[in-house]
Structures are given as C-alpha cells and as structure tokens.
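Colleague: could you work out the structure for the sequence below:
(2 chains)
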Protein chains: 2
Amino acid sequence: MDDKVNLAAKLDLLDAAYSPGIVGYINDYKLQVVKAHGEFVWHKHDDTDDFFLVTRGHLTIQLRDRNIELDEGELFVVPRGVEHCPKADEEAHVLLIEPKGTTNTGDVLSALTVSDVPEI
Amino acid sequence: MDDKVNLAAKLDLLDAAYSPGIVGYINDYKLQVVKAHGEFVWHKHDDTDDFFLVTRGHLTIQLRDRNIELDEGELFVVPRGVEHCPKADEEAHVLLIEPKGTTNTGDVLSALTVSDVPEI
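Modeller: Next up is the predicted model:
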C-alpha cells in the first residue's frame, strides 16, 4: 500500500453492502471503504470516534436524537459512546476511518459483524 | 463540531494557499482542509504518517524518488520519515489528516509554517 488509492476503483471491488475493505493505514488507523445499502445495525464504540465520509450517494447516520444526512463530499464523526445506525435507501459509498482493531458493529454482535476486514 | 462537515463549503472559507483550517477531529487526530496552489516546501514528519485526499483538482506529491499524482477521489498516505513536497499547478482542494500537534511543515521552519491552525 505504498501507492495512491483511487476510492471509486476500490469500491468497485466490493460486492455486498456493509462488507468493508481496507485500502490503507495512517499510523494505527485503518482506512476502509464500504458500500452502504439498507439499514446497518444500531451500535456504539466506547473507545473511539468513528469517521464517515460519503464519496457517492446519500447516507443517513441515525442517532438516537436526530439524523445526520450526508451527501457526497460530506463527513461526520460519531463521537465515542454514541449509538448510531447508518442507513441508505440507495447504495452509497463511504470512506471510514477507525483505529485498527475496531469492530464494525462495535458493542453488538450481528450477522453484519466483520471480524477480519480484508485488504483490497 | 457536532454537526456534519461539507468539505467544499469549508474550503470556500479559505483564502491563501497552504493555509489550512481544522474542520473536525477523530480522537487525537485533526481533520483539516487546505487549498494547494504552487509548490509547498520539502519536509518530513518523523513521528507520523500523513494522509492526503484530493477533493478537487489535481495534486502532485513529490517524493525524492517519484511523484504521486492525485486526482479528485484519490488519496495517498506519506509514510513517517519520508520527505515530501506537495505541488499544484492549479488550485487543488485537499483533506489532510494528522495527529493533533503535527506541524504542517514538519521538520522545516518556513514562511508557510502554520503553528496554530484555526478551526473553521
């Protein structure tokens, strides 16, 4: 991963929604791309903030008290400990940044939990 | 900074090239936007990698042994300790991610050094 990353090209390699791929690292953080489609699962990360940048489409990050509506070129950082549930009526493309070792479904075990995210 | 960030709108707030603004944080990292135009300064960061994502235009990250050419939607992480010098013949817009406390010109003191990056 000593070359540049074209986010759209990496996203083309993904099939299933909410099945992320790692495209690089900055220090102890992993850079992941993911296709969002449908509703994810309510969860939180008690030990880290969670970075979302939409690179295509529209993503809703549901919080318990409000929704964050993200279009292409918009980012939101979910603070640690805050329950959230991403949702996309149509496929959306997302760059996610989290510390290595962060589980995508946080404190919740779900059919969408991916414990070993592949490098793509 | 508990709301979403529209990167283009934040970049519109910037005037000078290579004068970054902080748009948010993830844990101990700052999320910065910057307009690149012309050549920056050769420098390195001995204690951190350096994340660049181009959101508009074209950015060249010159390394000592090669150039990384980034178009919109492309990112590159400069490894720690690696000398680099961004360059843009025409204005380019960039999302930068670095640990808090990282100086934009790394190990070099320059007229472009910004020791106190504003939140915008």
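Colleague: how close does the residue nearest the centre of chain A sit to chain B?
Modeller: With distances taken as Cα atoms, centre = their mean, the residue of chain A nearest its centroid is residue A:96 (4.1 Å). Applying Cβ to the nearest Cβ, to the nearest Å, the value for residue A:96 to chain B is 11 Å. For the C-beta atoms, the positions are set from N, CA and C on the backbone; glycine is no exception.
Colleague: quick check, that residue in a helix?
Modeller: No - using DSSP: H, G, I helix; E, B strand; the rest coil, the assignment for residue A:96 is strand, not a helix.
Colleague: what's the neighbour count on the nearest residue to it once chain neighbours are set aside?
Modeller: Of all residues not flanking residue A:96 in the chain, residue A:32 sits nearest, at 4.4 Å (Cβ to Cβ, 6 or more residues apart in numbering or on different chains). By other Cβ atoms under 10 Å in any protein chain shown, the residues close to residue A:32 number 23.
Colleague: for chain A, which residues are neighbours of chain B?
Modeller: Along chain A, the residues adjacent to chain B under the rule Cβ under 8 Å from any Cβ of the partner chain are A:1-8, A:23-27, A:29, A:31, A:48-51, A:53, A:55, A:68-71, A:73-77, A:79-80, A:95, A:97, A:99.
Colleague: which among these end up buried?
Modeller: The neighbour-count test (16 or more other Cβ atoms under 10 Å in any protein chain shown) marks A:4-7, A:23-27, A:29, A:31, A:48-51, A:53, A:55, A:68, A:70, A:73-77, A:79, A:95, A:97, A:99 as buried among the residues of chain A next to chain B.
Colleague: so of those residues, which ones are in helices?
Modeller: residue A:7 (DSSP state H).
Colleague: touching, residue A:79 and residue B:2? I think so.
Modeller: Yes - taking Cβ atoms under 8 Å as the definition, residue A:79 is a contact partner of residue B:2 at 7.4 Å.
Colleague: hmm, back to that, filter the buried ones among the residues of chain A next to chain B down to the ones in strands?
Modeller: Members of these lying in strands (criterion: DSSP state E): A:5-6, A:23-26, A:29, A:31, A:50-51, A:53, A:55, A:68, A:70, A:74-77, A:95, A:97, A:99.
Colleague: for the residue nearest to the centre of chain A, give me its contacts.
Modeller: Taking Cβ atoms under 8 Å, 6 or more residues apart in numbering or on different chains, we find residue A:96 in contact with A:20, A:31-34, A:50-53.
Colleague: now swap in residue A:53 and tell me
Modeller: Per Cβ under 8 Å, 6+ apart, neighbours of residue A:53: A:74-75, A:94-97, B:95.
Colleague: make it 10 Å
Modeller: A:7, A:33, A:59, A:70, A:72-77, A:93-97, B:5, B:7, B:31, B:53, B:55, B:95 (Cβ atoms under 10 Å, 6 or more residues apart in numbering or on different chains).
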